[in-house]
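Visitor: need the 3D shape of this:
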Amino acid sequence: MIQQETNAVITFRKVDFEKDAVMLHQWHHEPHVIPFWHQNLSFSQYAKHLKGLLTDRHQTLWIGMMNGEEISYWETYWAKDDIIGRYYDAEPFDQGVHLLIGDTSYLGKGLAKPMLQNIMQQMFSDSRTARIVAEPDTRNAKMIHVFKKCGFVPQKELTLPDKQALFMICTREDFERRLTSDL
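Guide: Numbering: from 1, shown residues only. From the prediction side, this is the model:
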């Protein structure tokens, strides 16, 4: 999809272990990623972790691309089947999203918002999904700001096993309203 804000073609493809493991391992070792993802593991540990994620049927792993350049990593998941489903009244088709910009040359360029909007459109293309949830680390002010710009509304702080999180929800209506106000 061509994003008006960036005049760029944003696409997503599913993670392929053979093609992406080394790149994803490197991205998870970037200084801006480590505090929020905690996956600065050895390659063998990370490879085992990634293989586990790829066989987990409640989520899909994506590589986000800008004009064909691989720049980001995404996880979309069914919230009810995820740990977050224990912390709120999850509907059967609520989806959730995690993301990181891995390629450091793309940091600070305002790309997280259009990329998030793009994947949210993809998630909401499932007509059964009325809400998308996110639970960014409370210290990650930049991502919280991006989520708000895309229509997410903070609900409450949560203590999750791996972080102190701000639980946020975006309804289909809030997302569509936010998209049309950006035009």
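Visitor: which residue, other than its chain neighbours, is closest to residue 143?
Guide: In space, residue 143 comes closest to residue 136 once its chain neighbours are excluded; the distance is 4.5 Å by Cβ to Cβ, 6 or more residues apart in numbering. Every C-beta, even on glycine, is put in place using the N, C-alpha and C of the backbone.
Visitor: same thing with residue 50?
Guide: In space, and not counting its chain neighbours, residue 50 is closest to residue 21: 5.8 Å by Cβ to Cβ, 6+ apart.
Visitor: who's in contact with that neighbour?
Guide: Going by Cβ atoms under 8 Å, 6 or more residues apart in numbering, residue 21 touches 43, 46, 47, 50.
Visitor: from residue 17, how far off is the last one?
Guide: Spelled out, it's residue 50. 6 Å (Cβ to Cβ, to the nearest Å).
Visitor: neighbour count: these two, which is higher?
Guide: Each of residue 50 and residue 17 has its neighbours counted (other Cβ atoms under 10 Å); residue 50 has more, 20 against 13.
Visitor: quick one: name whatever helix or strand follows the helix or strand bottoming out on mean pLDDT in the chain.
Guide: Within the chain, confidence by mean pLDDT, DSSP states H and E is lowest for strand 2-3 among all helices and strands, at a mean of 50. Counting by DSSP states H and E, the next helix or strand C-terminal to strand 2-3 is strand 8-14.
Visitor: whichever helix or strand comes after that next one: how far from the chain's middle?
Guide: Note on strand 8-14: by DSSP H and E, the next helix or strand toward the C-terminus is helix 17-27. From the chain centre to the centre of helix 17-27 is a distance of 17 Å (Cα atoms, centre = their mean, to the nearest Å).
Visitor: where does the residue located most distally from the centre of the chain fall, secondary structure wise?
Guide: Residue farthest from the centre of the chain, counting by Cα atoms, centre = their mean, is residue 44 at 24.0 Å. Under the criterion of DSSP H and E, residue 44 resides in helix 43-55.
Visitor: packing partners for the next helix or strand after that helix?
Guide: The element immediately downstream of helix 43-55 (helix or strand, assigned by DSSP H and E) is strand 59-66. Using 3 or more Cβ pairs under 8 Å, 6 or more residues apart in numbering; DSSP states H and E, the elements in contact with strand 59-66 are strand 8-14, helix 43-55, strand 69-78, helix 112-124.
Visitor: extract the residue ranges of the protein that are flagged as low pLDDT.
Guide: 1-6, 183 (pLDDT under 70).
Visitor: same thing but at 90, please
Guide: Within the chain, the ranges that satisfy pLDDT under 90 run 1-8, 178-183.
Visitor: phi and psi next, for residue 94.
Guide: phi -60, psi 140 (degrees, to the nearest 10).
Visitor: re earlier: give me the neighbour count for the residue nearest to residue 143.
Guide: By the criterion of other Cβ under 10 Å, residue 136 has 23 neighbours.
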